[in-house]
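Q: Here you go, sequence then predicted model.
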Amino acid sequence: MDQAAVDALIALLDLEPIEVNIFRGLSPDRGDQRVFGGQVAGQALVAAARTVEADKIVHSLHAYFLRPGDPTVPIIYEVDRTRDGRSFATRRVKAVQHGRSIFTLSANFQTPEEGFDHQFDMPSGLPEPDSLPDFRERMEPYREQFAEWFDRPRPIDTRYCELGPWERKEDRPPYQHVWLKANGVLPDDPVLHICVLTYASDMTLLDTSLLPHGSSFTVGEVFMASLDHAMWFHRPFRADEWLLYAQDTPSASGGRGLGRGLVYSHDGRLVASVVQEGVIRRMR
């Protein structure tokens, strides 16, 4: 566990209100060249949720990454209260830096209700997360390649069921399975757990689209950047308990890759679905 890193993530998602419907978010001071996409998506969802009645929970989001975020200056989140109905509410969020939009998000919220219920079964035959190496154990052979990135605090514990995308160069099947969870204990706020999963969902999904091509962003062969990101939240969950992120890639073409993911709780409940498209461009 790395509770200090998890507490830092909680603080990162705790936006400062500066006016009605306007919030300010910061980035970690780590020398990154651009803001991590999961961070701006998670912060934007926090901004949206803080303008919605507490009895409504987010059930979907659709986001576009417009420009790289500058980690050296704050991000301003402007929320449009698009709709407030008895069952559903809709919010649109614009993230702004240097006077320009860098990200937009639309999120829909719903008052919980009973209804029809079915789901795809959780993949079977996969290793248990506690039997798999954590980041430091898995990446020790690559410590010099990752340099200072190796020793960074890690608020999300990720454990790969198959070889990681950096571990071999030959073409591979177009799917991967990753166990993940917050690397410590989170408060009971269900909105925070959804925002933490939103943050984590951007960490591995686009990598999946490189697996059939024997390429990896970690060796400097490919430029990668998220273009859009969509999530649907189906059932309650805790982001500080193990979640299985079952990912596949139906297509890559035109310098873009598409990744899909189904997120299951450890006991087999389908809790979220994810789709993302991003740039995957060979570097010349």
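A: Here it is on my side, so go on. Numbering: from 1, shown residues only.
Q: Tell me who's in contact with residue 60.
A: 107, 108, 230, 231, 232, 233 (CB atoms under 8 Å, 6 or more residues apart in numbering). All C-beta spots, glycine's among them, are computed from the backbone N, C-alpha and C.
Q: 7 Å instead, please
A: 107, 108, 231, 232 (CB atoms under 7 Å, 6 or more residues apart in numbering).
Q: correct me, but the first one touches residue 58?
A: If I follow you right, that is residue 107. Yes. With contact defined as CB atoms under 7 Å, residue 107 reaches residue 58; the gap is 5.4 Å.
Q: In the protein, what residue spans correspond to strands?
A: 16-19, 22-25, 57-65, 75-84, 88-97, 100-110, 156-160, 175-182, 222-233, 243-253, 256-265, 270-282 (DSSP state E).
Q: Using CSV, please lay out the contacts of residue 60 together with neighbour count and pLDDT.
A: Shown next, in CSV, are these (neighbours: other CB atoms under 10 Å; pLDDT from 0 to 100):
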residue, neighbour count, pLDDT
107, 25, 98
108, 19, 98
231, 25, 98
232, 15, 98
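Q: The closest residue to residue 86 other than its chain neighbours: what's it in contact with?
A: Nearest residue to residue 86, sequence neighbours excluded (CB to CB, 6 or more residues apart in numbering): residue 111, at 7.5 Å. Counting by CB under 7 Å, 6+ apart, residue 111 touches 55, 56, 87.
Q: out of these, who has the most neighbours?
A: In terms of neighbours by other CB atoms under 10 Å, the contacts of residue 111 top out with residue 56 at 18 neighbours.
Q: ok, it touching residue 108?
A: No. Using CB under 7 Å, residue 56 is not in contact with residue 108; the gap is 9.3 Å.
Q: follow-up on the earlier one: and the residue nearest to residue 86, how far from residue 170?
A: Residue 111 sits 50 Å away from residue 170, going by CB to CB, to the nearest Å.
Q: Ok, residue 82 next?
A: For residue 82, the distance to residue 170 - CB to CB - is 48 Å.
Q: Mind checking which of these two has more residues around it?
A: When neighbours are counted by other CB under 10 Å, residue 82 and residue 170 differ, and residue 82 comes out ahead with 13 against 6.
Q: from what I can see that one touches residue 93, true?
A: No. Contact criterion CB under 7 Å: residue 82 and residue 93 do not qualify, at 10.2 Å.
Q: quick one on the thing from earlier: quick one: the residue nearest to residue 86 and residue 68, what's the gap?
A: To residue 68, residue 111 is 37 Å away according to CB to CB.
Q: what's the weakest-modelled helix or strand in the protein?
A: helix 143-146 (a mean of 73; mean pLDDT, DSSP states H and E).
Q: Now that one: buried residues?
A: When burial is assessed from 16 or more other CB atoms under 10 Å, helix 143-146 yields no buried residues.
Q: Same question for stretch 5-24.
A: 5, 6, 9, 10, 12, 13, 15, 21, 23.
Q: Report the two of those separated the most.
A: 5 and 21 (30.6 Å; CB to CB).
Q: tell me the contacts of residue 101?
A: So residue 101 contacts 66, 94, 95 (CB under 7 Å, 6+ apart).
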